[in-house]
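Student: Turn this into a structure:
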Amino acid sequence: MSLRRRPLIIALMLAMFLAAVEGTIVTMATPTIVKDLQGFELISLVFSIYLLTSAISTPIYGKLADLYGRKNILSIGILIFLAGSFLCGLAQSMVMLIAFRAIQGLGAGAILTVSFTIIGDIFTLEERSKIQGGLSTVWGIAALVGPFLGGFLIDILSWHWIFFINIPFGLFSVILLQRSITETFERKRTHIDYAGAITLSSAMIVFLSIFLFNQNLASNRYWFVAALAVLTILLLLAFYKIERKAQEPMMPFTIFTKTSIIVNIMSFLIYAVLMGVNVYLPIYLQNILGYRPTAAGLAMLPMSLSWLIVSFVLGKFLVKYGGKTVTLVSNVVLFISTLLLSTLGIDSPILLVLIYGFIIGIGFGGAATVLTIIIQDSVEYNQRGAAVAANALLRTLGQTIGISVFGNIFNLYITKYFIQQGIRGVDPSNLYQSSAVHVALTTEQIRLSLNSSLHVLLVVFIIISCLSLILSIAMPAMSCTGRTRK
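Tutor: Numbers count the residues shown, from 1 in each chain. Modelled structure (predicted):
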């Protein structure tokens, strides 16, 4: 395989930047989008459907890349992502936006999978470490740039442009990719675990449907949720039997050691809180404190900055103090930061938000980075890919389930607030429409309802971070290399 490496690296970094910045830029734009399209009750689906389709498509793209080549499959994935972005920019309703976000997620699955496959194929071990370090920096840059760029585009143009802006960069990435790689590969007969992949994906879709699509279920339709739960269990049992018999199982169960199980559960909990903070802190800044999107984006930067700083210095602390100590300290910081966030009120100064954001970024950055390293060292080399993939799946499930549950809680307590005020019939999706109830809601009433509901969520964040802290205490002691001490 001959290539011009510099254009290839640029192409991969551009593609990775598109996938990385999408989360932060859409998060910042969400308050404006839902206010324009009238869909507060559907906030969670904007993120959940993207995460769901990207997670499900990930193993599929990996198989297709083996059959038809990395370059073409990654290019197709980027084009699907761009098509979804273009359609999202044209969306005229929340339902349309959610459907087009699903298309975006399908493309993102290729970017997050095939990019690292190409790196593993082409570069030497020494080169690979440098390239992957560069890609990690891209995620940090995206975290810093995303909130500000999102706020700037909304203020100057409109929220539609946060999606349109992806198109020129994505097309440039595809052009560089096609020019940089000349693939010569031979197709081999392999025992691909299609049955396991299909069964697990089906189980994920059914299970997540409980959280994604039950928001409008009436009280007499809980049988529907029960049926989905039973079907999920049956599919997981089928997946278990398939994996036990598969020659090359997609997810060998030997990867689930005591350490990896604890780390995976912690990853699920931490990424649920991370998703909640990323979605609802901008709502607090814009809809409660009243800051414009650009200012709110700048206010989110301290969290991204502290995360980036921690990722650079964490390696030294891991070598000196070990994995368990770093994990424990990170969880302590995360727990304290959620306690601090709960003190924010309707008139809190922006300086407190900046300080608390910086602190919580330290907790998130430390925990997310060290848990990835620990999961890699919890198994032998030949099972490391499966172990990391399982951890990535748990993180995605944490984000998807977490934001769906948070959305239900948020909507429920907005309604409860108005009922306590003697105002009935309020629909959280129509807070900014005068026709939402028989009498128009004042801006102050809306602010107070959002603030009241947000504080319920912050208590939930405290509980989840406390559970993660307890798990970090129970985690086996780790040596400086990340291995479990016998």
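Student: can you pull the contacts of residue 167?
Tutor: Neighbour list for residue 167: 82, 85, 86 [criterion: CB atoms under 8 Å, 6 or more residues apart in numbering]. From N, CA and C alone the C-beta is placed, and that goes for glycine too.
Student: Over to residue 10?
Tutor: Counting by CB under 8 Å, 6+ apart, residue 10 makes contact with 173, 176.
Student: Give me the pLDDT value at it.
Tutor: For residue 10, the pLDDT comes out at 83.
Student: just curious, which of the contacts of residue 167 is nearest to residue 266?
Tutor: Residue 266 has its nearest neighbour among the contacts of residue 167 in residue 85, at 32.7 Å by CB to CB.
Student: Tell me where the stretch 351-486 of the chain has strands.
Tutor: Taking DSSP state E, counting those that start in this stretch, the stretch 351-486 of the chain contains no strands at all.
Student: For residue 395, see how far away residue 472 is.
Tutor: Residue 472 sits 16 Å away from residue 395, going by CB to CB, to the nearest Å.
Student: Tell me the one among the contacts of residue 167 nearest to residue 114.
Tutor: For the contacts of residue 167, the nearest to residue 114 is residue 82 (15.5 Å; CB to CB).
Student: Look at the closest residue to that closest one other than its chain neighbours and say how many residues are nearby.
Tutor: In space, and not counting its chain neighbours, residue 82 is closest to residue 170: 4.3 Å by CB to CB, 6 or more residues apart in numbering. Here the number of neighbours of residue 170 (other CB atoms under 10 Å) works out to 23.
Student: same deal with residue 305?
Tutor: Quick note: residue 305 (other CB under 10 Å) scores 17 neighbours.
Student: In terms of helices and strands, where is it?
Tutor: Using DSSP states H and E, residue 305 sits within helix 293-321.
Student: Looking only at neighbour counts, state which of residue 472 and residue 395 leads.
Tutor: For the pair residue 472 and residue 395, the greater number of neighbours falls to residue 472 (26 against 23), based on other CB under 10 Å.
Student: gap between the more buried one and residue 374?
Tutor: Between residue 472 and residue 374 the computed distance is 11 Å (CB to CB).
Student: hey, what's in contact with both of these two?
Tutor: Both residue 472 and residue 374 are contacted by residue 327, under the criterion CB under 8 Å, 6+ apart.
Student: so where's the stretch 151-300 of the chain uncertain?
Tutor: The stretch 151-300 of the chain contains residues with pLDDT under 70 at 182-192, 212-221, 248, 293-294, 297.
Student: Recalculate using a threshold of 90.
Tutor: Along the stretch 151-300 of the chain, the parts satisfying pLDDT under 90 run over 151-229, 240, 242-261, 271, 274-300.
Student: what's the neighbour count on residue 245?
Tutor: 9.
Student: State the distance from it to residue 101.
Tutor: Separation of residue 245 from residue 101 (CB to CB): 37 Å.
Student: cool, and residue 206?
Tutor: Where residue 101 is concerned, residue 206 sits at a distance of 20 Å (CB to CB).
Student: These two: which is more packed in?
Tutor: Using other CB under 10 Å, the more surrounded residue of residue 206 and residue 101 is residue 101, with 27 against 19.
Student: doesn't residue 52 make contact with the more buried one?
Tutor: No: between residue 101 and residue 52 there is no contact, the gap being 9.8 Å when judged by CB atoms under 8 Å.
Student: quick check, distance from whichever helix or strand residue 17 is part of to the centre of its chain.
Tutor: Following DSSP H and E, one finds residue 17 within helix 5-37. Centroid displacement of helix 5-37 relative to its chain, using CA atoms, centre = their mean, to the nearest Å, is 12 Å.
Student: Please apply the same query to stretch 456-475.
Tutor: With CA atoms, centre = their mean, you get 19 Å for stretch 456-475.
Student: now stretch 165-173
Tutor: On the basis of CA atoms, centre = their mean, stretch 165-173 sits 22 Å off its chain's mean C-alpha point.
Student: Repeat that for stretch 339-352.
Tutor: So, by CA atoms, centre = their mean, the centroid of stretch 339-352 is 25 Å from its chain's centroid.
Student: Residue 469 against residue 329, yeah?
Tutor: No: taking contacts as CB under 8 Å, residue 469 lies outside contact range of residue 329: 10.4 Å.
Student: Please enumerate the strands of the stretch 101-250 of the chain.
Tutor: Using DSSP E, counting those that start in this stretch, strands in the stretch 101-250 of the chain cover 181-182.
Student: Now the residue nearest in space to the middle of the chain: closest residue in space, sequence neighbours ignored.
Tutor: Note on the chain: the residue nearest the mean C-alpha position is residue 399, at 5.4 Å, using CA atoms, centre = their mean. Distances taken as CB to CB, 6+ apart place residue 275 nearest to residue 399, at 4.2 Å, with adjacent residues excluded.
Student: just residue 473 next, same as before
Tutor: Using CB to CB, 6+ apart and skipping residues adjacent in sequence, the residue nearest residue 473 is residue 328, 6.5 Å away.
Student: Regarding the one you found, what is its secondary structure?
Tutor: Look at residue 328: counting by DSSP: H, G, I helix; E, B strand; the rest coil, its state is helix.
Student: Contact partners for it?
Tutor: By CB under 8 Å, 6+ apart, the neighbours of residue 328 are 469, 472, 473, 475.
Student: how about 10 Å then?
Tutor: Residues counted as contacts of residue 328 (CB atoms under 10 Å, 6 or more residues apart in numbering) are 321, 322, 367, 370, 469, 471, 472, 473, 475.
Student: wait, the fourth one sits on residue 313?
Tutor: No: Residue 370 lies out of contact with residue 313 (CB atoms under 10 Å); the separation is 11.9 Å.
Student: Comparing these two, which residue is more hemmed in?
Tutor: Neighbour tally, residue 370 and residue 313, criterion other CB under 10 Å: the higher count belongs to residue 370, 29 against 10.
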